[in-house]
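Engineer: Can you look at this prediction? I've put the sequence above it.
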Amino acid sequence: MNFTEAQLLNSIAMLTFPLMRISAMFVSMPVLSVRALSPQIRVILSGVISFLVMPLLPPLPQIDMMSYAGMMIGVQQVAIGLTTGFILQMIFAAVVFAGQGVAYGMGLGFASMVDPQNGQQVPVVAQIYMITTTLLFLSLDGHLLLIKLLVDSFTSLPIGQIFDLNDVWTIIMWGGRIFSDGLLLSMPIVVSLLLVNVIFGVASKSAPQLQIFSVGFPITLMLGILLIWTTLPDVLALMPGILNDGYELIKHLLRLT
């Protein structure tokens with residue numbers, strides 16, 4: 001069996017361009033982008049999925065991969081993959097933001113540990129929220145749904161096309177959800193702890209001889225732990241709706257109906 005040079009280059013392009021889009025998503029998406037996961041595993045998963053996607057691809061533009069146009073198409077594939085995973089990464093950042101607000105409000109801001117998602121020091125309370133959210137994300141097969149959306153995007157957003165300017169502004173505006181969703185998740189605990197601190201402030205003014213730090217810190221700490229235990233089911237009940245908003249944005253960007 002003989003193959004021409006054009007056929008070989010076309011087959012390489014049909015594997016390389018999907019590999020760029022899929023591997024870029026694995027670099028930025030939650031759970032699979034953690035540093036504890038070996039890069040070799042991400043490369044193998046990307047290669048297997050790309051190999052399976054090859055027969056489903058629409059005809060590629062007749063462009064040399066090593067030309068300027070071919071390199072720009074490769075950059076576009078990387079941008080699509082990174083953006084797709086980064087949208088869900090922002091939802092997990094909102095969870096960390098909520099946990100930090102709770103931790104600083106209850107006086108546990110100094111108790112921190114390394115976040116496996118990004119390798120940075122975050123409060124332990126934020127890690128509690130992150131672990132529970134990750135388990136919920138996996139139980140809902142969120143990672144599989146994200147992979148499915150990206151695979152379907154090769155038909156709705158073929159290789160050679162990219163987001164327009166309006167979509168870029170939509171992604172930028174979505175970044176505000178980190179703060180709004182984080183405040184939504186942490187507001188009940190933060191407000192409760194703020195009222196407790198106001199009460200201790202009034203008590204310290206009326207009784208200056210009271211050791212407010214030795215009395216207030218244990219009470220604030222215990223109340224914060226109780227509030228976390230009480231409100232955690234409500235926080236987890238809100239997460240599917242927030243994740244659904246993220247998936248709807250991804251569908252809009254990838255032009256999936």
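Structural biologist: Cool, got the structure.
Engineer: all helices in the stretch 1-150 of the chain, in order from the N-terminus.
Structural biologist: Per DSSP state H, counting those that start in this stretch, the stretch 1-150 of the chain carries helices over the ranges 5-28, 39-53, 68-106, 124-139, 142-156.
Engineer: Tabulate those in TSV, adding columns for mean pLDDT and mean neighbour count.
Structural biologist: No exception for glycine: its C-beta is placed from N, CA and C like everyone else's. Output for the helices of the stretch 1-150 of the chain, formatted as TSV (pLDDT from 0 to 100; neighbours: other CB atoms under 10 Å):
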stretch	mean pLDDT	mean neighbour count
helix 5-28	81	18
helix 39-53	87	14
helix 68-106	88	20
helix 124-139	88	18
helix 142-156	89	18
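Engineer: Tell me which of those lies nearest to Val196.
Structural biologist: Each of the helices of the stretch 1-150 of the chain has some distance to Val196 by CB to CB; the shortest is helix 68-106, at 9.2 Å.
Engineer: tell me how far that closest one is from the chain's mean position?
Structural biologist: Remark: helix 68-106 is offset 5 Å from the chain centroid, using CA atoms, centre = their mean, to the nearest Å.
Engineer: Report the angle between it and helix 5-28.
Structural biologist: 10 degrees (axes from the mean of the first three to the mean of the last three CA atoms, to 10 degrees).
Engineer: From the contact counts, what lies against helix 68-106?
Structural biologist: helix 5-28, strand 121-123, helix 124-139, helix 142-156, helix 165-174, helix 177-206, helix 212-253 (3 or more CB pairs under 8 Å, 6 or more residues apart in numbering; DSSP states H and E).
Engineer: so how far is the fifth one from its chain's centroid?
Structural biologist: Here the centre of helix 165-174 is set off from its chain's centre by 17 Å, with CA atoms, centre = their mean.
Engineer: Go ahead and name everything in contact with that helix.
Structural biologist: If you take CB atoms under 8 Å, 6 or more residues apart in numbering as the criterion, helix 165-174 is touched by 83, 87, 90, 163, 249, 252-253.
Engineer: now the first one
Structural biologist: Outside helix 5-28, the residues within contact range by CB under 8 Å, 6+ apart are 32-33, 42-43, 45-47, 49-51, 53-54, 57, 60, 64-65, 70, 73-74, 77-86, 89, 146-147, 150, 153-154, 159.
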